[in-house]
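Visitor: Just need the structure, nothing else, for what follows:
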Amino acid sequence: MGFPGTWMTESESMVYRVVPKCACSTIGQIMYYSDHGAFFDGDIHDATSGLHKWGIDSSQAAITANVAAHRSYAFTCVRNPYTRVLSSFFDKICGIQRNGRRYRGNLVPLLIQKYGIEVGGEDGKQEFDQITSFRRFLLFVRDTIRFRKPMDPDIHWSAMSGHVSTFIVNGGHYDRIIWTEDFNAGMQSVLDAVETPHRVDLDAIPRFNESEGHGPKRAHPVEDYFDDLSMHLMYEVFKKDFRLFRYDFENPGNKMPKGEIDLDEVHAKLGD
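Guide: A predicted model of the protein is given here:
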């Protein structure tokens, strides 16, 4: 199976397991800058050179050799499950993607037909009942993750623990897992642990939020989107994410983690 979703600097200063919707655009650009002294011109997900990626065939041997021998500092980044799934809804379901089309073609019409959601009209900018539509989307998320119907789960809303685990199961070992909510401190700890060809000043790095502006703005506080049933569904499908990465299931309004991540526990529980 190898190391899907894994990126590595060409200098092999660091290895990163991508978790979608968790600052991956910014992290990728930081990695690219640390090697080249300049940012990639465009969405880093589109880069086919300047950064090793598992999705590039010519990079796979280098990534495999490095990770198997644990030659470089390896890390990933996680995010509060409540805000992550909300972000997926507004970006991927309500938003128009950068190719000018809806995400995954017939996905949104399917959701409109089968789950009765609204997405803000053709351009995603019309008024609609965000809370009702999001809760219906959450039913769809549960169905894809628990029952793989009406489709397999998408990488943007499948559990973070699933993404994180493939790296461990196939022989990788994390040196650090950082939180999106405390990004600068976490990313600085990674940079402090490695040597890069170009120094990175995190305070001067822009946030490369490639999904921003795709869809409507969130009109309500996070906690308003989650009633008792929604919270039950969240726990049903993201229980490991809440527990392993120390997020507060009881209070959707608290985006910050409640304690330190135990790397030994993560490796033990996700390495089966």
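
Visitor: Name the SS class of the residue lying closest to residue 254 once chain neighbours are set aside, please.
Guide: Leaving aside its chain neighbours, residue 254 sits nearest to residue 248 (4.4 Å; criterion: C-beta to C-beta, 6 or more residues apart in numbering). Placement of C-beta: from N, CA and C, glycine included. The local conformation at residue 248, judged by DSSP: H, G, I helix; E, B strand; the rest coil, is coil.

Visitor: Now do the strands in this structure.
Guide: Secondary structure of the chain by DSSP state E: the strands cover 6-8, 14-17, 52-53, 73-78, 176-179.

Visitor: Can I get these in a markdown table including mean pLDDT and distance to residue 26?
Guide: Putting the strands of the chain into a markdown table (pLDDT from 0 to 100; distance: least, C-beta to C-beta, whole Å) gives the following:
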| stretch | mean pLDDT | distance to residue 26 |
| --- | --- | --- |
| strand 6-8 | 98 | 13 |
| strand 14-17 | 98 | 11 |
| strand 52-53 | 98 | 16 |
| strand 73-78 | 98 | 9 |
| strand 176-179 | 98 | 11 |
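
Visitor: Out of those, which gets nearest to residue 267?
Guide: strand 176-179 (10.3 Å; C-beta to C-beta).

Visitor: Helices of this structure, residue ranges please.
Guide: Using DSSP state H, the helices found in the chain span residues 24-36, 60-69, 81-88, 107-115, 130-142, 160-169, 183-192, 228-244, 263-270.

Visitor: Check these for me: which has the lowest mean pLDDT.
Guide: With a mean of 93, helix 107-115 has the lowest mean pLDDT of the helices of the chain.

Visitor: Dump the helices of the chain into TSV; add mean neighbour count as well.
Guide: Formatted as TSV, those follow (neighbours: other C-beta atoms under 10 Å):
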stretch	mean neighbour count
helix 24-36	21
helix 60-69	15
helix 81-88	23
helix 107-115	15
helix 130-142	20
helix 160-169	20
helix 183-192	16
helix 228-244	17
helix 263-270	14
